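Student: Quick check, what structure comes out for this input:
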Amino acid sequence: MKFEWQFRNTTVCQYEQKNFTSKIQCEGANTTSGLSLTLTIRNITPTDEGVYHCKLHLSREAANGQSHIKVEDCLGSTHESLDNGTASCTFDSVYPSGVVHWYQGDSNITNASKTHENQDKDGFYRVKSEVPVKIENHSQPYNCSLWMPSTNRYIFSQLVSLGSKGQLQWICIIMGILMRSFII
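Tutor: Take a look at the predicted model:
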């Protein structure tokens, strides 16, 4: 008898073999209702996506089945910043890859942005997008949003505000002026 799970033509789990890793657990059981072989995949990543085949080969018979794993709309973490005249948003552990849209108030300014993406060994993407900041028009905050074309929706939206950094710069300038007037 041969009873196993296969993924991409590679055996990942076999009956009567202890297959325990940090990623895959395989447990076989012989009960009154028959044999079972349970495959558990922990911490699923995009590289685990696909069709898993369960195959049973006996001396005169064979049977098989399959399970499909699909990874959708993952977002691990986000980071926004405002430095040197550029607003940026970074989205880590994104899957599938998304599109960053930029707005300032009601104006879509996505065409002014530059977006870069990298894919890691697990199939997740890091998407970083930047847009130049116009100092003369900082009354309305910038907004970056991650759009997922696969599901036709936004999964995250973040304000990138100029207010706090601009106020801090003005406070530093005023303090510098005050310090000079006390020294003189």
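
Student: where in this structure is pLDDT low?
Tutor: For the chain, residues meeting the criterion pLDDT under 70 lie at 18-20, 135-138, 162-184.

Student: Now do the helices in it.
Tutor: For the chain, applying DSSP state H gives helices covering 163-183.

Student: Let me know whether residue 133 touches residue 85 as I believe.
Tutor: Yes - contact status for residue 133 versus residue 85: in contact at 5.1 Å, counting by Cβ atoms under 8 Å. C-beta: built from backbone N, CA, C; applies to glycine.

Student: Quick check on the two: which one has the bigger neighbour count.
Tutor: residue 133 (20 against 9; other Cβ atoms under 10 Å).

Student: For the more buried one, give me its contacts.
Tutor: Residue 133 sits next to 82, 85, 86, 87, 142, 162 when contact means Cβ atoms under 8 Å, 6 or more residues apart in numbering.

Student: ok, now which ones touch the fourth one?
Tutor: With contacts defined as Cβ under 8 Å, 6+ apart, the neighbours of residue 87 are 80, 81, 102, 130, 131, 133, 142, 144, 160.

Student: Let's see if you can find the most crowded of the residues you listed.
Tutor: Result: residue 144 is most packed of those (other Cβ under 10 Å), 26 neighbours.

Student: which one is it nearest to, not counting chain neighbours?
Tutor: Closest residue in space to residue 144, ignoring its immediate chain neighbours: residue 89 at 3.7 Å, by Cβ to Cβ, 6 or more residues apart in numbering.

Student: these two touch, right, that neighbour and residue 99?
Tutor: No - the criterion here is Cβ under 8 Å, and residue 89 misses it with residue 99 at 12.0 Å.

Student: Could you check which of these two is surrounded by more residues?
Tutor: Between residue 89 and residue 99, counted using other Cβ under 10 Å, the more crowded position is residue 89 (26 against 15).

Student: joint contacts of residue 89 and residue 99?
Tutor: residue 146.

Student: What's the local residue count around the closest residue to residue 123 other than its chain neighbours?
Tutor: Nearest residue to residue 123, sequence neighbours excluded (Cβ to Cβ, 6+ apart): residue 46, at 2.9 Å. If you count neighbours by other Cβ under 10 Å, residue 46 ends up with 21.
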